[in-house]
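Chemist: with the sequence up front, the predicted model follows.
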Amino acid sequence: MSSSAPRASARPVAIWLLACCAMIFAMVVIGGVTRLTESGLSITEWKPVEGAIPPLTQQAWQEAFEKYQQIPEYRLRNDGMTLAEFKNIFWWEYVHRLWGRLIGFVFFVPLVWFVLRGHVRGRLAWQLGGIFVLGGLQGALGWYMVQSGLADRVDVSPYRLTAHFGLAIAIYAATLWTALDLLRPAATTATRSTRRLGPASLAFCALAFVTMLSGGFVAGLDAGFTYNTFPLMDGRLVPAGYLDEQPWWLNLFENVAAVQFNHRLLAITTLVSAIGLWWATRAAPWPATRALGNAVAAMALAQVALGIATLLLVVPIPLAAAHQGGAVILLSLALALAHEARRPAFMPQRAAARSPTPQTS
């Protein structure tokens, strides 16, 4: 939109998109708990339609359990698991998949309705259609991830896990940005300070996203269960064996010590950057910009504290889930700040309207 004020029909579309964001946020947390409880491989088939119905009889439960007993995770890690214990992990994965189906339904049906009513058209229609396609690809990527743990591994590939997580965050960010565009269209002029603040905020968003991806590798390698001290790792600032893998770049993705160290380093860098962003917003003339700068810095500090607590307490599920959710909240605040920095004309215009007109002699 080029107008500086949103159309009346844009508000319900934006509210719907924000509701979708809330559902994606919940999905990220549910996915984190599913991973932490080692539930992700409990359903060994992908049935997009039939899979929406869980086992309803004792025989159906037994058949699902027998399929799980054929994969390496059961044979090498959970041999002797009872049916009751299997049900506990099954329900987490079932809820994870069912919530994904529900997000697709909540996104697609209102989208069709808004298009038919003319509230969504042109470029916006293409943007939202693209997000829906990404959502479908996310479901396929989720199954591709699960497949990696059904044959030769006792867990899923860290690469596929991180890709699945990263795509979820990308879909969330695109949906949130679109909603913000509808609620608060960008102004057409910018001041010197906002021309710098906008790119700086977007750069911070990119840094936060990379830090989140590094957390995906920490989760995929179970790296949080080692080196449970801070700030040192086994008494060293840089852990021994940091470059054990060859070629060297494999250490970034497959070396437990390097992956955890890199996540720590990125987290601290993100915190320092958040403080710098907060400092830059102190001079902004708009209260919303200053408030978002404060929120970004506060959330970054809380997120680092959550991460340290999760590490020191050896990854308790509630704290680890809160840490994953906190990362999404931090990214959301940074995106809102970056978007707000694109709206520099409003307050100066109002201030100019209130100022007295100079008298001529």
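Modeler: All right, it came through fine. The structure displayed is predicted, hence computed values, not measured ones. Numbers count the residues shown, from 1 in each chain.

Chemist: the strands in the stretch 251-361 of the chain, which residues?
Modeler: Per DSSP state E, counting those that start in this stretch, the stretch 251-361 of the chain carries no strands over any range.

Chemist: scan the protein for its longest helix.
Modeler: helix 83-117 (DSSP state H).

Chemist: now do the helix or strand just after that one: distance to the chain's middle.
Modeler: Using DSSP states H and E, the helix or strand that directly follows helix 83-117 along the chain is helix 122-147. Centroid displacement of helix 122-147 relative to its chain, using CA atoms, centre = their mean, to the nearest Å, is 15 Å.

Chemist: so the residue nearest the centre of the chain versus Gly326, what's the distance?
Modeler: The chain has Ile169 as the residue nearest its centroid, 3.5 Å off, counting by CA atoms, centre = their mean. Between Ile169 and Gly326 the distance is 13 Å, computed by CB to CB, to the nearest Å. Placement of C-beta: from N, CA and C, glycine included.

Chemist: same check, this time on Gln69
Modeler: With distances taken as CB to CB, Gln69 is found 37 Å from Gly326.

Chemist: neighbour count winner among the two?
Modeler: Neighbours per residue (other CB atoms under 10 Å) separate Gln69 from Gly326, with Gly326 holding more: 18 against 15.

Chemist: count of neighbours near the residue lying closest to the more buried one once chain neighbours are set aside?
Modeler: Leaving aside its chain neighbours, Gly326 sits nearest to Gln303 (4.5 Å; criterion: CB to CB, 6 or more residues apart in numbering). Residues within reach of Gln303, counting by other CB under 10 Å, total 23.

Chemist: for Gln303, what are its contacts?
Modeler: 267, 270-271, 323, 326-327, 329-330 (CB atoms under 8 Å, 6 or more residues apart in numbering).

Chemist: go again using 7 Å as the cut-off
Modeler: 326-327, 330 (CB atoms under 7 Å, 6 or more residues apart in numbering).

Chemist: also Ala295?
Modeler: So Ala295 contacts Leu333 (CB under 7 Å, 6+ apart).

Chemist: name the SS class of Asp79, please.
Modeler: coil (DSSP: H, G, I helix; E, B strand; the rest coil).

Chemist: if I look at it, how far off is Gln69?
Modeler: From Asp79 to Gln69 the distance is 9 Å (CB to CB).

Chemist: for Gly130, same thing?
Modeler: For Gly130, the distance to Gln69 - CB to CB - is 41 Å.

Chemist: can you list contacts of the one helix or strand Phe65 maps to?
Modeler: In the assignment (DSSP H and E), Phe65 maps to helix 58-68. With CB under 7 Å, 6+ apart as the test, helix 58-68 has contacts from 42, 44, 55, 74, 83, 86-87, 90.

Chemist: between that helix and helix 83-117, how big is the angle?
Modeler: On the basis of axes from the mean of the first three to the mean of the last three CA atoms, to 10 degrees, helix 58-68 is oriented at 90 degrees to helix 83-117.

Chemist: just so I have it, where are all the helices in the protein?
Modeler: 10-36, 58-68, 72-77, 83-117, 122-147, 158-183, 192-220, 251-254, 256-281, 287-312, 317-340, 346-354.

Chemist: nearest to Ala240, of those?
Modeler: Counting by CB to CB, Ala240 lies closest to helix 256-281 out of the helices of the chain; the figure is 7.2 Å.

Chemist: between the closest one and helix 158-183, how big is the angle?
Modeler: Going by the same axes, to 10 degrees, helix 256-281 makes 20 degrees with helix 158-183.

Chemist: give me phi/psi at Thr37?
Modeler: Main-chain dihedrals, Thr37, degrees, to the nearest 10: phi -90, psi 0.

Chemist: for it, what are its contacts?
Modeler: 89, 92, 317.

Chemist: hmm, which of these are the buried ones?
Modeler: Buried members of the contacts of Thr37, scored by 16 or more other CB atoms under 10 Å, are 89, 92.

Chemist: let's have the contacts of Thr37 in a markdown table, adding distance to Trp143 and pLDDT.
Modeler: Formatted as a markdown table, the contacts of Thr37 follow (distance: CB to CB, whole Å; pLDDT from 0 to 100):
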| residue | distance to Trp143 | pLDDT |
| --- | --- | --- |
| Ile89 | 18 | 97 |
| Trp92 | 17 | 97 |
| Ile317 | 24 | 97 |
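
Chemist: from the contacts of Thr37, pick the one nearest Leu17.
Modeler: Nearest to Leu17 among the contacts of Thr37, counting by CB to CB, is Trp92 at 27.3 Å.

Chemist: give the buried residues for stretch 79-87.
Modeler: 81, 86-87.

Chemist: want to throw the residues you listed into TSV with distance to Trp16 and pLDDT?
Modeler: What follows is the buried residues of stretch 79-87, written out as TSV (distance: CB to CB, whole Å; pLDDT from 0 to 100):
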residue	distance to Trp16	pLDDT
Met81	42	96
Phe86	38	97
Lys87	35	97
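
Chemist: out of the residues you listed, which is nearest to Asp152?
Modeler: The nearest member of those to Asp152, counting by CB to CB, is Met81 at 20.3 Å.

Chemist: okay, now the closest residue in space to that closest one that isn't next to it in sequence: neighbour count?
Modeler: Closest residue to Met81 apart from its sequence neighbours, by CB to CB, 6+ apart: Tyr74 at 6.7 Å. Tyr74: 21 surrounding residues under other CB under 10 Å.

Chemist: with Glu45 instead?
Modeler: Glu45: 11 neighbours (other CB under 10 Å).

Chemist: any idea how far it is from Pro55?
Modeler: 12 Å.
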